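Chemist: take a look and give me a structure for this.
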Amino acid sequence: MRLSSRTALAAAAVACATTLAACGSATTGSDDEDTLHVVASTNVWGSVAQAVAGDRIEVESLITEPSADPHSYEASPLDAAAISDASLVVYNGGGYDQFVEDILESGSGNPATVEAFALFESGEGSDLHADHDHEDTHDTADSHDSHEAAGTDDTAGSTGHSHDGHDHSGVNEHVWYDLATADAVAHAVADRLTELDPEGAATYEANAAAFHDNLHAVADRVASIAADHPDAPVAQTESIATYLVTAAGLRDEVPADFANAIENGTDPSPAAIAATRQLLLDKQVRALLYNPQTEDKVSREMRAAAEASGIPVVEVSETLPDGVDYIQWQTRTAEALASALDTES
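Modeler: Okay, the predicted model is just below:
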């Protein structure tokens with residue numbers, strides 16, 4: 001019922017948005033009609049899109065507040081109007097920001113779209129991490145038999161990010177921590193903007209190439225973690241940074257029962273909570289990755305246990321901090337993780 005009720009809310013928002021658009025149509029000038037409007041579901045994908053759009057277009061991000069959860073976000077009529085009237089919509093997909101898909105399906109507009117999760121699934125559009133796969137992205141203590149270090153392969157070509165032969169049945173939708181997906185999104189945005197604005201093609205292509213180069217620098221930093229701390233044990237209070245953990249060649253020691261409960265939005269069992277707390281109290285991991293945006297009583301208990309044991313806590317999040325772009329955010333996160341592991345070496 002959760003999805004159907006959210007779809008109904010999206011439809012209502014679209015209906016209100018249509019009314020708003022009708023009321024405002026008399027004052028809409030031709031200059032505004034010729035202006036490209038790029039809308040992103042969150043400021044994470046908004047930042048990626050803005051890096052490509054540069055000074056030619058101002059990207060609007062719908063979710064910017066740290067307290068907002070895209071999983072359960074209820075779109076307002078203004079959100080629906082922004083999406084329906086957009087020239088291009090950039091969103092995560094994979095059920096993460098379902099409100100966008102609901103509006104696209106319910107609305108009268110027909111914007112071009114770039115879906116990050118679909119690009120992740122295709123495995124195309126980037127040479128970053130060309131030799132890794134995402135077959136088991138939820139890598140817990142019960143399922144970490146193999147880990148591949150992050151790296152770059154400049155000879156792989158733009159479609160070298162291969163996922164051939166893997167199973168997506170348990171795929172983690174938090175793909176903004178997968179650098180290759182961010183790269184693919186940037187290139188896809190450049191392609192869509194070039195179609196919409198051919199005069200800006202050279203700008204969009206150059207900006208996407210610069211973003212790609214910056215991502216390589218982040219990937220190199222992540223690869224250095226894998227080299228310096230191979231197979232180091234860590235824990236996550238939830239699995240939003242799993243792609244970073246995997247790319248860094250680390251292993252998540254959180255018990256599967258705890259991780260699966262969090263991923264499914266249910267309360268972990270008392271036994272799973274006790275086992276995870278003991279993991280931290282016994283210092284069996286070298287860092288705790290913690291999402292302060294979705295903290296609850298259980299996650300706060302895990303953080304307290306880590307801090308009591310002197311285990312460094314690395315904060316990860318689902319939206320950008322104020323004044324930070326995607327590259328800066330990913331760089332800082334990688335640096336914080338490296339520093340935490342260096343401390344515990």
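
Chemist: confirm Ser41 sits in a strand?
Modeler: Yes. Counting by DSSP: H, G, I helix; E, B strand; the rest coil, Ser41 is found in a strand.

Chemist: OK, contacts around it?
Modeler: Residues near Ser41 by CB atoms under 8 Å, 6 or more residues apart in numbering: 61-63, 70, 89-92, 97, 99-100. All C-beta spots, glycine's among them, are computed from the backbone N, C-alpha and C.

Chemist: now the residues you listed as JSON lines including neighbour count?
Modeler: Converted to JSON lines, the contacts of Ser41 look like this (neighbours: other CB atoms under 10 Å):
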{"residue": "Ser61", "neighbour count": "20"}
{"residue": "Leu62", "neighbour count": "25"}
{"residue": "Ile63", "neighbour count": "23"}
{"residue": "Pro70", "neighbour count": "21"}
{"residue": "Val89", "neighbour count": "27"}
{"residue": "Val90", "neighbour count": "31"}
{"residue": "Tyr91", "neighbour count": "28"}
{"residue": "Asn92", "neighbour count": "27"}
{"residue": "Asp97", "neighbour count": "25"}
{"residue": "Phe99", "neighbour count": "27"}
{"residue": "Val100", "neighbour count": "29"}
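
Chemist: strands along the protein, start to end?
Modeler: Secondary structure of the chain (DSSP state E): strands at 38-42, 59-63, 88-91, 112-115, 233-236, 251-252, 288-290, 313-315.

Chemist: for the last one, the distance to its chain's centre please.
Modeler: Centroid separation for strand 313-315 versus its chain: 17 Å, with CA atoms, centre = their mean, to the nearest Å.

Chemist: next one: the fourth one
Modeler: Relative to its parent chain, strand 112-115 has a centroid offset of 15 Å by CA atoms, centre = their mean.

Chemist: what's the mean pLDDT across that strand?
Modeler: Confidence over strand 112-115 (mean pLDDT, whole number) is 98.

Chemist: adjacent strands (with direction) for it?
Modeler: Using DSSP bridges, the strands paired with strand 112-115 are strand 88-91 (parallel).

Chemist: list the contacts of the strand it pairs with.
Modeler: Residues contacting strand 88-91 (CB under 8 Å, 6+ apart): 36-42, 45-46, 48-49, 59, 83, 97, 100-101, 104, 111-116, 185, 189, 192-193, 196.

Chemist: which members of these are classed as buried?
Modeler: Among the contacts of strand 88-91, those buried by neighbour count (16 or more other CB atoms under 10 Å) are 36-42, 45-46, 48-49, 59, 83, 97, 100-101, 104, 111-116, 185, 189, 192-193, 196.

Chemist: what sits against Glu238?
Modeler: Glu238 sits next to 259, 262-263, 291, 294, 299 when contact means CB under 8 Å, 6+ apart.

Chemist: taking the residues you listed together, which two end up most distant?
Modeler: Farthest apart among the contacts of Glu238 by CB to CB are Ala259 and Thr294. That separation is 14.2 Å.

Chemist: want to throw the strands of the chain into TSV with distance to His212?
Modeler: What follows is those, written out as TSV (distance: least, CB to CB, whole Å):
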stretch	distance to His212
strand 38-42	19
strand 59-63	18
strand 88-91	17
strand 112-115	16
strand 233-236	28
strand 251-252	28
strand 288-290	26
strand 313-315	26
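
Chemist: for Asn92, which non-adjacent residue is spatially closest?
Modeler: Ala116 (5.0 Å; CB to CB, 6 or more residues apart in numbering).

Chemist: pretty sure the one you found sits against Trp176.
Modeler: Yes. When contacts are counted by CB atoms under 8 Å, Ala116 is listed as touching Trp176 (7.0 Å).

Chemist: anything in contact with each of these two?
Modeler: In terms of CB under 8 Å, 6+ apart, Ala116 and Trp176 are both contacted by the residues 45, 92, 182.

Chemist: so the last one touches Trp176, yeah?
Modeler: Yes. Between Ala182 and Trp176 a contact is recorded at 6.3 Å, counting by CB under 8 Å.

Chemist: can you list residues touching both of these two?
Modeler: Taking CB under 8 Å, 6+ apart as the contact criterion, the common neighbours of Ala182 and Trp176 are 116, 326.

Chemist: show me the shaky parts of the chain.
Modeler: Applying pLDDT under 70 to the chain flags the ranges 1-33, 108, 129-170, 344-345.
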